[in-house]
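> Have a look at this fold, sequence not included:
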């Protein structure tokens, strides 16, 4: 099509985002817990549902 004649930068620039809204860096932690199943459920409720 028409876009085939454009250079790759122009063709694919719309695919890039100025920043990510998915990956949010945070403080490093060990991730240890006494009850992994309960912690996974807590995080699912907090962050997903």
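Yep, that arrived. All values derive from a computational prediction rather than experimental measurement.

> For the helix or strand of the chain with the lowest mean pLDDT, which helices and strands make contact with it?
Within the chain, no helix or strand scores below helix 8-12, which has a mean of 77 by mean pLDDT, DSSP states H and E. Helices and strands touching helix 8-12, by 3 or more CB pairs under 8 Å, 6 or more residues apart in numbering; DSSP states H and E: there are none. From N, CA and C alone the C-beta is placed, and that goes for glycine too.

> so how far is that helix off the chain centroid?
Mean C-alpha position of helix 8-12 versus that of the full chain (CA atoms, centre = their mean, to the nearest Å) differs by 23 Å.

> List the contacts of whatever helix or strand comes next after it.
Proceeding N to C from helix 8-12, the next assigned helix or strand is helix 36-47, under DSSP states H and E. Applying CB atoms under 8 Å, 6 or more residues apart in numbering, the contact partners of helix 36-47 are residue 33.

> and helix 36-47, average pLDDT?
Taken as a whole, helix 36-47 has an average pLDDT of 93.

> in that helix, what counts as buried?
Along helix 36-47, not one residue counts as buried under the neighbour rule (16 or more other CB atoms under 10 Å).

> Check stretch 26-36 too.
Buried residues in stretch 26-36, counted by 16+ other CB under 10 Å: none are found.

> just use 20 as the starting number from now, easier for me
Sure, I'll start counting at 20 from here, so that last one is stretch 45-55.

> Please give the centre-to-centre distance between it and its chain.
With CA atoms, centre = their mean, you get 19 Å for stretch 45-55.
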